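[1] Just a sequence and a predicted model for now, questions to come.
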Amino acid sequence: MNRLPYILTDDFLDEVVFDEISGVILGTTFPWNYNDNIVSPDDGGYFQFVHSFYDENLPRSKMFNLLEPILNKLQPKALVRIKANTTTRTSQNIIHKQHTDLPYNFDNAYTSVFYLNTNNGGTLFGEGGFVNSLKNRLITFPAHEKHSGQTCTDQNRRVVINFNYFK
């Protein structure tokens, strides 16, 4: 039996709260920054748009408080990084490079991925398992678990928020 490295929670937030958060982030005025690669400079020319909410022990976004309902449910003891990622539609599903979000192998270091829209992309785990992008879904796994994102072909973009933290 294959032990999947994650805990999956559908309908993570109350629908009204989810709609408020996703309405802002998926809206036309949300500030995205272009990033030349997905994981590293040798990604094969793939790019993404990012929004840094928290990094280097400080909130980096005026919209950091928008994430309060998610953080209240995650109950982190210490944040490391929170970043929203948008990849655009591709003509075929592309699986990006396997990676870990944090270099730590501590028992209490976690990554959570919160999906903001439903599409045929997802998250693939190095030890097996694939999680489809489904709006208001959260997956949580140990930070040392290798994973990769997969682009979508059926929507204009795939949008997630990555939370890296200690619990």
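    Perfect, I can see it now.

[2] Show me where this protein has its helices.
    15-25, 68-74 (DSSP state H).

[3] Minimum distance to residue 6: which of these has it?
    Of all those, helix 68-74 sits nearest to residue 6, with 14.0 Å by C-beta to C-beta. Yep, even glycine has a C-beta here, placed from its N, CA and C like the rest.

[4] Name the residues of that closest one that come out as buried.
    By neighbour count on 16 or more other C-beta atoms under 10 Å, the buried set for helix 68-74 is 69-71, 74.

[5] So what touches the helix or strand of the chain with the lowest mean pLDDT?
    Least confident helix or strand of the chain, by mean pLDDT, DSSP states H and E, is strand 33-35 with a mean of 91. Here strand 33-35 makes contact (C-beta atoms under 8 Å, 6 or more residues apart in numbering) with 47-52.

[6] Among those, name the buried ones.
    Counted by 16+ other C-beta under 10 Å, those give 48-49, 51-52 as buried.

[7] Which one of the residues you listed is nearest to residue 117?
    residue 49 (13.7 Å).

[8] Check whether the closest one really touches residue 31, as I assumed.
    No. Contact criterion C-beta atoms under 8 Å: residue 49 and residue 31 do not qualify, at 9.7 Å.

[9] Tell me, how many residues neighbour residue 29?
    5 (other C-beta atoms under 10 Å).

[10] actually residue 44, sorry about that
    Counted with other C-beta under 10 Å, residue 44 comes out at 9.

[11] where's it relative to residue 61, distance?
    Distance check for residue 44 against residue 61: by C-beta to C-beta, to the nearest Å, it reads 29 Å.

[12] follow-up on the earlier one: given the least confident helix or strand of the chain, what are its sheet partners and their directions?
    strand 48-55 (antiparallel) (DSSP bridges).

[13] Tell me the pLDDT of residue 48.
    Note on residue 48: pLDDT of 88.

[14] Over to the one 3 residues further on?
    On the pLDDT scale, residue 51 is placed at 98.

[15] If it is in a bridge, with which residues?
    Bridge pairing for residue 51 - DSSP bridges - gives residue 84.

[16] All further residue positions should be reported with the first residue as 9.
    Okay, using 9 as the starting number, the last item reads as residue 59.

[17] Residue 32 is in contact with that one, correct?
    No. The pair residue 59 / residue 32 is not scored as a contact, 10.7 Å apart, by C-beta under 8 Å.

[18] joint contacts of those two?
    38, 71.

[19] Run through the chain and note the low-pLDDT ranges.
    9-13, 51 (pLDDT under 70).

[20] Apply 50 and report the result again.
    9-10 (pLDDT under 50).
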